[in-house]
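**Q** coordinates only, sequence not included:
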């Protein structure tokens with residue numbers, strides 16, 4: 001069960017699709033390295049932004065679950081994108097991918113536009129910090 005506490009400063013509007021701050025329950029910390037939209041054979045799954053986003057999220061979830069945790073114990077996600085305009089143009093597909101993989105759990109989040117990613121053809125890379133409950 002998720003006992004995460006979302007923090008909302010007085011007078012602030014509730015953000016859509018993320019939390020400004022979140023307190024995670026007790027447990028061991030898990031730091032998931034940047035995951036790109038590739039499959040288990042390290043092949044980028046598609047040139048489509050939303051498809052890469054979904055696969056990167058699935059890869060994050062696989063790491064979290066392999067550690068004995070679940071997505072609702074992710075406290076922070078950092079998204080690196082090579083083109084913020086392409087991200088914005090694909091918000092519908094990104095939102096659908098998020099709900100398919102993460103449900104309605106919205107941790108603290110940041111998005112950064114970067115010049116490039118290490119993996120050729122990668123458009124998005126996702127890092128996550130989570131808790132493995134005790």
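**A** Thanks, I have it. Predicted, not measured: the structure shown is a model, and the values here were computed from it.
**Q** the bottom helix or strand of this protein by mean pLDDT?
**A** strand 21-23 (a mean of 81; mean pLDDT, DSSP states H and E).
**Q** contacts for that one?
**A** With Cβ atoms under 8 Å, 6 or more residues apart in numbering as the test, strand 21-23 has contacts from 4-7, 75-76, 107-108. In this view, the C-beta of every residue, glycine as well, is placed from N, C-alpha and C.
**Q** try 10 Å
**A** By Cβ atoms under 10 Å, 6 or more residues apart in numbering, the residues outside strand 21-23 that reach it are 3-9, 74-76, 105-109.
**Q** In strands only, show me those.
**A** Under the assignment DSSP state E, the contacts of strand 21-23 contribute 5-7, 74-76, 108-109 to strands.
**Q** Specify which member of those residues is nearest to residue 61.
**A** Nearest to residue 61 out of the ones in strands among the contacts of strand 21-23 is residue 74 (Cβ to Cβ; 8.7 Å).
**Q** follow-up on the earlier one: from the contacts of strand 21-23, which is closest to residue 25?
**A** When the contacts of strand 21-23 are compared for distance to residue 25 (Cβ to Cβ), residue 3 comes out closest, at 4.1 Å.
**Q** Could you pull up phi and psi at the residue nearest to that closest one when sequence neighbours are not counted?
**A** The shortest distance from residue 3 to any non-neighbouring residue, by Cβ to Cβ, 6 or more residues apart in numbering, is to residue 25 (4.1 Å). Dihedral pair for residue 25: phi -70, psi 170, per degrees, to the nearest 10.
**Q** No further queries at this time; thank you.
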